[in-house]
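Undergrad: no sequence on this one, just coordinates:
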Ligand SMILES: [Zn+2]
């Protein structure tokens, strides 16, 4: 489902899952949808993002995460 969302978003078709979360229960074969409000303090998509680029060296980030993690408020 995530790949489908990415393809929809890239080619600009359909209704994107922005602001919504789909819960899939494979045992019951049911789906539920929840609204997810935007977090204005999100370090990635909030009003003042502290994460603005991809990490170049994941091995270094894994060994020393505080160097790469956004500052806690
Ligand atoms: Zn966010």
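TA: Done, it's in. What you are looking at is a predicted structure, and each value in this text was computed from that prediction instead of being measured. Residues are numbered from 1 along each chain as shown.
Undergrad: From the rest of the structure, what touches the lengthiest helix in the chain?
TA: Looking only at the chain and at elements set by DSSP state H, the helix with the highest residue count is helix 2-11. For helix 2-11, the surrounding residues in contact (CB atoms under 8 Å, 6 or more residues apart in numbering) are 14, 16, 17. In short, each C-beta sits where N, CA and C put it, glycine included.
Undergrad: rerun that using 10 Å as the cut-off
TA: Helix 2-11 is contacted from outside by 13, 14, 15, 16, 17, 18, 22, using CB atoms under 10 Å, 6 or more residues apart in numbering.
Undergrad: Cross the residues you listed against helices and list the overlap.
TA: Counted as lying in helices by DSSP H, out of the contacts of helix 2-11, is not a single one.
Undergrad: ok so, going back, how far out from the middle of the chain is the longest helix of the chain?
TA: The chain centroid and the centroid of helix 2-11 are separated by 13 Å, computed with CA atoms, centre = their mean, to the nearest Å.
Undergrad: counting contacts, what elements does the helix-or-strand element of the chain with minimal mean pLDDT pack onto?
TA: For the chain, counting by mean pLDDT, DSSP states H and E, helix 65-68 ranks last in confidence among helices and strands (a mean of 76). Packed against helix 65-68 by the contact rule (3 or more CB pairs under 10 Å, 6 or more residues apart in numbering; DSSP states H and E) you find helix 58-63.
Undergrad: So for the helix it packs on, what gets flagged as buried?
TA: Judged by neighbour count (16 or more other CB atoms under 10 Å), helix 58-63 contains no buried residues.
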